[in-house]
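> Below are the sequence and a predicted model; questions follow.
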Amino acid sequence: MNIADHYSKLWRFNFNRLKGDNYRLMREYFAQVFISDIEEFMPLYGKKVLDVGGARGEFCRVLNRERKCAAVNLEPSPFEYGRYESDFLWPGTVLGRAEAIPFSDDEFDLVMCRGAFEHIYPEDQKKALNEMYRVTQKGGICYITIPPWYNPWAGHGLKPFHYLPFKAAKFCAESVYGKKIEAGSWREKRLFPVTFRAMKKMVTAAGFKVVGTRDIHFRLHFLTRIPLIREIAVPAVAFILKKI
């Protein structure tokens, strides 16, 4: 990876991702980053892949095109993503939720859940991890990314005020960004705190072995190995997990 080019893309996508076709291009670029990261642990060519909460299925499209993967996009509400024409939706999209994955045991070589876990209701998070473990083949890989809650960017539309109680965070975000936030609680917003520490504990309890962690954005992977620092300094961390 050319790190200067990567940082240039980060800058452009961060400030212009809703302009023109940039949102799709951003997701396709990060699909390429994903391929680079995951192939340190397993070859992807021809693998069967499940993307849990994959929106319109951009990652599935890239994996199929670049590595001939049989890719399935599991998404509860694909048509909420109105940035593209409906025919962009990956044809291998299945309606379903992470806590009740409609596939057989040991069906996929690779299961991924990218930036969706913090939107799963807390009472369903362990169920979702158990389901991801169930459908991953023995020896297969599960790849989960989260924004550690104490990072300033983890609050999505409420960042960096998400450290505050919801009403205060909403007031500050509306005042600064000039946009109305319809939700009246974290639950209505469907955004829940997940820390690095809590995530590691949950994936281990589900039966996975953590074989690697990655700093998705800044590529400073060593930060993911430093307690406390990784909770604050890493905007998005990937857990690379193996089903033993």
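All right, it came through fine. Residues are numbered from 1 along each chain as shown.
> Only C-alpha atoms from now on, for both contacts and neighbour counts.
Will do.
> Show the contacting residues for Ala71.
Neighbour list for Ala71: Lys48, Val49, Leu50, Asp51, Cys60, Arg61, Leu63, Asn64, Gly92 [criterion: C-alpha atoms under 8 Å, 6 or more residues apart in numbering].
> do that again at 6 Å, thanks
For Ala71, the contacting residues are Lys48, Val49, Leu50, Cys60, by C-alpha atoms under 6 Å, 6 or more residues apart in numbering.
> now swap in Pro193 and tell me
Counting by C-alpha under 6 Å, 6+ apart, Pro193 has contacts Trp149.
> Restricted to strands, list the contacts of Ala71.
Per DSSP state E, strands hold the following members of those: Lys48, Val49, Leu50.
> tell me the contacts of the first one?
It refers to Lys48. By C-alpha under 6 Å, 6+ apart, the contact set of Lys48 is Cys69, Ala70, Ala71, Phe108, Asp109.
> so what's the third one closest to, chain neighbours aside?
So that's Ala71. Spatial nearest neighbour of Ala71, excluding adjacent residues (C-alpha to C-alpha, 6 or more residues apart in numbering): Val49 at 4.7 Å.
> Adding distance to Lys179 and pLDDT, write the contacts of Ala71 out as JSON lines.
Shown next, in JSON lines, are the contacts of Ala71 (distance: C-alpha to C-alpha, whole Å; pLDDT from 0 to 100):
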{"residue": "Lys48", "distance to Lys179": "41", "pLDDT": "98"}
{"residue": "Val49", "distance to Lys179": "37", "pLDDT": "98"}
{"residue": "Leu50", "distance to Lys179": "35", "pLDDT": "98"}
{"residue": "Cys60", "distance to Lys179": "32", "pLDDT": "96"}
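> Domain boundaries for this protein, per the record?
Domain ranges of the chain: 3-155+192-243, 157-190, per automatic domain parsing.
> hey, where'd the helices end up in the protein?
In the chain, the helices defined using DSSP state H lie at 3-16, 22-38, 58-67, 122-135, 166-177, 186-189, 196-206, 229-233.
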